[in-house]
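> 3D model of this:
(chains A and B)
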Amino acid sequence: MRTIHIEKIIDAVEKLCMDANYNLNDDIYNALVKAYKNEESEKGRWVLDNIIKNSKIAKEEKMAICQDTGMAVVFLEIGQDVNITGGSLTDAINEGVRRGYKNGYLRCSVVNHPLKRVNTNDNTPAVIHTEVVPGDRLKIVVAPKGFGSENMSGLAMLKPSDGAEGVIDFVVKTVDKAGPNPCPPVIVGVGIGGTMEKAACLSKKALLRPVGSESDDPDMAEIERELKKRINKLGIGPAGIGGNTTALAVHVEYFPTHIASLPVAVNIGCHATRHASCEL
Amino acid sequence: MPLDDEVINTLKAGDMVLITGTIYTARDAAHKKMIELLQMGKPLPFDVKNQVIYYAGPCPASEGLVIGSAGPTTSGRMDKYAPALIELGLKGMIGKGQRDDSVVKAMIKHGAVCFGAVGGAAALISKSVKAQEIIAFEELGTEAVRRLEVVDFPAIVVIDRYGNNLYVSGREQFARMDDRR
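Numbering: from 1, shown residues only, chains lettered A, B, ... in the order given. Predicted structure coming up:
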């Protein structure tokens, strides 16, 4: 058994919240620069230029890339030989979020109750997804999720007979309907298979994959390419004001499913799809 | 800013503008409260006549800054509340994304425009804010109503007072029709 004290976890989460919100990852930055070069719309290039300049300011001045610093979504991979000491792991994650958002001058956007809606003023609680894995390490990913894009998500329990074409149609329709709202150019996370909640979790996890990477399954990689092509023909463009850059990437994650169903979930990430990770 | 009909009438969807003057932030919770005030016959925190509302909830300002990152939020969530404010003389709204028919109808009838700011360009936009003051609903935190003094705030007219809509025309220009569905 390897022991990890919660103070180490609190510190790590605090730093990751700031890192994710200030520093746009290189893969997305490079994709934006490439999109700027290829965008046909003059206004679209102006939008992309603003977005690129914005990410430089955020990095240099340690400011939030976007004022919607999101709800903190935290993915944990806990080695089965890890023993957490000093208190509750959930409390430690939330304390890290609390410190990160306060000390990092990040916006607190969480309300205590979906209907009563009083701001908790420390951006807690985080949404925590935990997976137990072999080994004695603890991997933490902090992925702040803005809700302009989150609100444009969709889920369908398709019929097995709908097949790949049905999946593609649903994803394209979801992005089409979202239009300018999720701050295009977007990253489209798609989860196929499993159960309802498994598909949804996969679609969120798909947003963590580096932009430019392909699914390791050839059929899924083909669907990713087809989706990107179809989405970029919609004409939505940067900021939704017209152009040929609507999606920077489409990532598909999948899981075995039931004989009766073909679940598909779409989670849209904005051009500032943020995530930072560390291993303890 | 503020805006009058003479200026409003000249603005066309697709025009790129730099906004200078006084604007007010308000988003979901502040709009809900403002409409409740109107329903009770009470005055609004500021007279909306000829004014511009920026749909935004900024980050806190770190030391030495006027304001933290301050980009636009999705305008459509304010659709339920906007027509009543337009009727009272609100001339402009800055946000991102589509509006519903009731808002566009009110804009055409009373003369108002919808500006689009670049969603997510929040650190860049914050540089055009030269002063801020909370004027109402401080308890709402980031959702409080703020008076902002802005200089050269970059935006695009996305829906003009005649109902022309850049989100529609821009898409049509770049969509490959064979794949539209």
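> CA only for contacts and neighbour counts going forward, please
Fine.
> Could the C-alpha coordinates of the top strand by length along chain B be exported in CSV?
Longest strand in chain B, counting residues (DSSP state E): strand B:145-159. C-alpha atoms of strand B:145-159 as CSV (Å, rounded to 0.1, in the frame of the first residue of the first chain):
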residue,chain,number,x,y,z
VAL,B,145,-25.7,44.5,-12.1
ARG,B,146,-22.6,46.5,-12.9
ARG,B,147,-22.1,49.8,-14.6
LEU,B,148,-19.1,49.6,-17.0
GLU,B,149,-17.2,52.3,-18.7
VAL,B,150,-15.9,50.8,-21.9
VAL,B,151,-13.6,52.1,-24.7
ASP,B,152,-13.4,50.4,-28.1
PHE,B,153,-15.2,47.3,-27.0
PRO,B,154,-15.1,45.0,-30.1
ALA,B,155,-18.4,43.6,-31.3
ILE,B,156,-20.5,42.8,-34.4
VAL,B,157,-24.1,43.7,-35.1
VAL,B,158,-25.7,40.2,-35.3
ILE,B,159,-29.4,41.2,-35.4
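> Just the mean pLDDT for whatever helix or strand comes next after it, thanks.
Where DSSP states H and E defines the elements, the next helix or strand beyond strand B:145-159 is helix B:166-174. When pLDDT is averaged over helix B:166-174, the result is 94.
> Stretch A:1-13 now?
The model assigns stretch A:1-13 a mean pLDDT of 96.
> and if you look at stretch A:166-176?
Stretch A:166-176 carries an average pLDDT of 98.
> just how off-centre is that stretch within its chain?
In terms of Cα atoms, centre = their mean, to the nearest Å, the centre of stretch A:166-176 is found 18 Å from the chain centre.
> buried stuff in it?
A:Val167, A:Ile168, A:Phe170, A:Val171, A:Val172, A:Lys173, A:Thr174, A:Val175, A:Asp176 (16 or more other Cα atoms under 10 Å in any protein chain shown).
> show me what contacts the second one?
Shown here is A:Ile168, whose contacts under the criterion Cα atoms under 8 Å, 6 or more residues apart in numbering or on different chains are A:Ile223, A:Leu227.
> before we move on, which element is it in?
Assigned by DSSP H and E, A:Ile168 falls in helix A:163-178.
> so does whichever helix or strand comes after that helix get close to chain B?
Using DSSP H and E, the helix or strand that follows helix A:163-178 towards the C-terminus is strand A:186-194. No. Judged by Cα under 8 Å from any Cα of the partner chain, strand A:186-194 stays clear of chain B, getting no closer than 11.4 Å.
> ok, and what's touching strand A:186-194?
A:171, A:198-207, A:246-258, A:261-271, A:273.
> same deal with stretch A:116-130?
A:71-78, A:90, A:93-94, A:97-98, A:101-102, A:107-112, B:140-141.
> are any of those buried, and which?
A:71-78, A:93-94, A:97-98, A:101-102, A:107-111, B:141.
> how much does the helix holding A:Ile168 deviate in direction from strand A:186-194?
140 degrees (axes from the mean of the first three to the mean of the last three Cα atoms, to 10 degrees).
> send the alpha carbons of helix A:163-178 over as CSV?
The C-alpha coordinates for helix A:163-178 follow below in CSV (Å, rounded to 0.1, in the frame of the first residue of the first chain):
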residue,chain,number,x,y,z
GLY,A,163,-26.3,2.1,-37.3
ALA,A,164,-23.4,4.4,-38.0
GLU,A,165,-25.6,6.6,-40.3
GLY,A,166,-28.0,7.2,-37.4
VAL,A,167,-25.2,8.1,-35.1
ILE,A,168,-23.7,10.5,-37.6
ASP,A,169,-27.1,12.1,-38.3
PHE,A,170,-27.8,12.7,-34.6
VAL,A,171,-24.4,14.2,-33.9
VAL,A,172,-24.6,16.5,-36.9
LYS,A,173,-28.1,17.6,-35.9
THR,A,174,-27.0,18.3,-32.4
VAL,A,175,-24.1,20.6,-33.5
ASP,A,176,-26.4,22.2,-36.2
LYS,A,177,-29.0,23.0,-33.6
ALA,A,178,-26.4,24.4,-31.2
